[in-house]
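Asker: Quick one, fold the following:
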Amino acid sequence: MTVTEAAAEGLIRIGEVARGAGVSVRAVRYYEQQGLLIAERSPSGQRLYRQDAITLVRFFQQMYAVGLTSRRITELLPCFDSGHTDAEQRAMLRAERDRIQAKVDDLQAVLDRLDQVIAITDTHP
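Answerer: Residues are numbered from 1 along each chain as shown. As a prediction, this is how the structure comes out:
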């Protein structure tokens, strides 16, 4: 969708989104291809995004980092946008939370073990 110059004033360009979120322009394009972001187009064809695109891209990065797929993130977006969920969405959210908590617990166990090794090696030259 092309926007007028006046309407484009509240929007930001793809490079600004990428810099603000700490990702590459290619990553922002990928999120758009996956249907996670929607871009408007300037009269000259440049991609333009709402101001909240930076926050969304950071959210996508976090969700990818804990193992969610684009499809799962797409399912989460309505919850993120509206704050409203149905029973199926809440069950999915809880399942993802439980899966992530299990990862956190595993990482904490590894961290605890590393702390033990460090403590042992600190007492030996």
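Asker: and Met4, what pLDDT?
Answerer: Residue 4: Thr, not Met. Note for Thr4: predicted pLDDT of 60.
Asker: Then Tyr64?
Answerer: pLDDT, read off for Tyr64, is 92.
Asker: since we're on Gln101, how many residues are nearby?
Answerer: When neighbours are counted by other CB atoms under 10 Å, Gln101 registers 10. Where C-beta positions appear, they are placed from N, C-alpha and C, glycine not excepted.
Asker: Look at it and tell me its secondary structure.
Answerer: Put simply, Gln101 is helix when judged by DSSP: H, G, I helix; E, B strand; the rest coil.
Asker: Then Pro78?
Answerer: Pro78 - assigned by three-state DSSP - is helix.
Asker: so it touches Asp86, yeah?
Answerer: No. Taking contacts as CB atoms under 8 Å, Pro78 lies outside contact range of Asp86: 9.4 Å.
Asker: Looking at those two, which is more packed in?
Answerer: Comparing Pro78 with Asp86 by other CB under 10 Å, the one with more neighbours is Pro78, at 13 against 10.
Asker: Contacts only, for the residue most central in space within the chain.
Answerer: The chain has Phe60 as the residue nearest its centroid, 1.4 Å off, counting by CA atoms, centre = their mean. Contacts here follow CB atoms under 8 Å, 6 or more residues apart in numbering; on that basis Phe60 touches 31, 36, 73.
Asker: Pull the residues that contact the helix or strand encompassing Arg72.
Answerer: In the assignment (DSSP states H and E), Arg72 maps to helix 70-82. Residues external to helix 70-82 that are found in contact with it (CB under 8 Å, 6+ apart): 34-36, 59-60, 63-64, 68, 84-85, 89, 92-93, 96.
Asker: thought Leu11 was touching Leu48?
Answerer: Yes. Assessed by CB under 8 Å, Leu11 is found in contact with Leu48 at 3.8 Å.
Asker: Nice, that's everything, thank you.
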